Every structure is written in structure tokens, then in C-alpha cells.
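Engineer: quick check, what structure comes out for this input:
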Amino acid sequence: MSGFREFVTRGNVVDLAVAVIIGAAFTAVVTSLTADVLMPVIGWIFGGLDFSSYFVRLGPIPAGFAGDTNNYEALKAAGVPMIGYGQLVTALVNFLIVAFIVYLIVRGLKRAMERRAQADAAAPDPEEILLLREIRDALRSRDGGAPSNPG
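Structural biologist: Numbers count the residues shown, from 1 in each chain. Next comes the predicted model:
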């Protein structure tokens, strides 16, 4: 039990849990952005197309079905076998949005890490500073503490 407690309380596991929770919330935002903003605009551009309702019916409609035979959700709820390629298009747009945002985040982090590495490389090492101070102090003590006059 102590090994499990140690595993769960490790920073990486907690970070992963936070990332999953944020990812789920982010997914809801991207899904809404796609379904409620982008796909209607794309549909409007292409003449009022609603990609979410594009499907190919593979089987018969049940005899007692009273809904709209062109309504994907109603047919799906009635158990009609279908290929919902409009849903696939929407899912692909969702994927592309998420992939692009993740790309931007990773690119930004990479640039920030490169800038940090360059700044660290330009800054003198603390050991070098200590060594330079020791040399300065030794030179001062040798010269009697008087500042040197390059003259």
C-alpha cells in the first residue's frame, strides 16, 4: 500500500491528472467551437449545408417510425443502421483545431526553452563568478588593497 501511495503522490501523476481534467474541459470548448461556430459558417459558405446531418442509410427504417426520414439523430435513435460521414467531418475539424492549438503551445514552449537556454548560456556560471572574486581579492591583497592604476 505504501508503494501505491508513493506512486499516486508523485508529481508526475498529479500533473497528469490535472492535464486530463483540463483536457476534458478544453475538449468541450473545442466541440462547442466546432459545432456552434465553425461548422455553421462552413455550411453557410457552402450554401446552407449542415455537415452533422450527412449520412448514408444502410438499412430499412422501422415500420413504426414517425419522425423525419432525413433527421440523422432521429434515425440513429430509432436504430437505423447508417454511416454518419457528416459526424466524421465534424470530428476531423475538431481534431485539426486541437492539433493546431497543441502545435502552437508546443512551439511556444520550445521557443521559451530556447530563449531560457540562451540566457543561461550568456550568464556566467556562479562558480566562475566565485573564482573571479577570489582572483580579484588575491590581486588586491597582493597590491596592498589599493586599486591598480593602469596609468
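Engineer: count the neighbours of Thr34 for me.
Structural biologist: 24 (other Cβ atoms under 10 Å). No exception for glycine: its C-beta is placed from N, CA and C like everyone else's.
Engineer: next up, the contacts around it.
Structural biologist: By Cβ atoms under 8 Å, 6 or more residues apart in numbering, Thr34 lies in contact with Thr90, Val93, Asn94, Ile97.
Engineer: can you pull the contacts of the closest residue to the last one other than its chain neighbours?
Structural biologist: The spatially closest residue to Ile97, leaving aside those adjacent along the chain, is Val30, at 5.3 Å (Cβ to Cβ, 6 or more residues apart in numbering). For Val30, the set of contacting residues under the criterion of Cβ under 8 Å, 6+ apart consists of Asn94, Ile97, Val98, Ile101.
Engineer: relative to Ala35, how far out is the third one?
Structural biologist: Counting by Cβ to Cβ, to the nearest Å, the gap between Val98 and Ala35 amounts to 14 Å.
Engineer: before we move on, the earlier item: in JSON lines, list the contacts of Val30 along with distance to Phe26, pLDDT and neighbour count.
Structural biologist: Below are the contacts of Val30 laid out as JSON lines (distance: Cβ to Cβ, whole Å; pLDDT from 0 to 100; neighbours: other Cβ atoms under 10 Å):
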{"residue": "Asn94", "distance to Phe26": "11", "pLDDT": "76", "neighbour count": "18"}
{"residue": "Ile97", "distance to Phe26": "10", "pLDDT": "80", "neighbour count": "16"}
{"residue": "Val98", "distance to Phe26": "8", "pLDDT": "77", "neighbour count": "16"}
{"residue": "Ile101", "distance to Phe26": "8", "pLDDT": "80", "neighbour count": "12"}
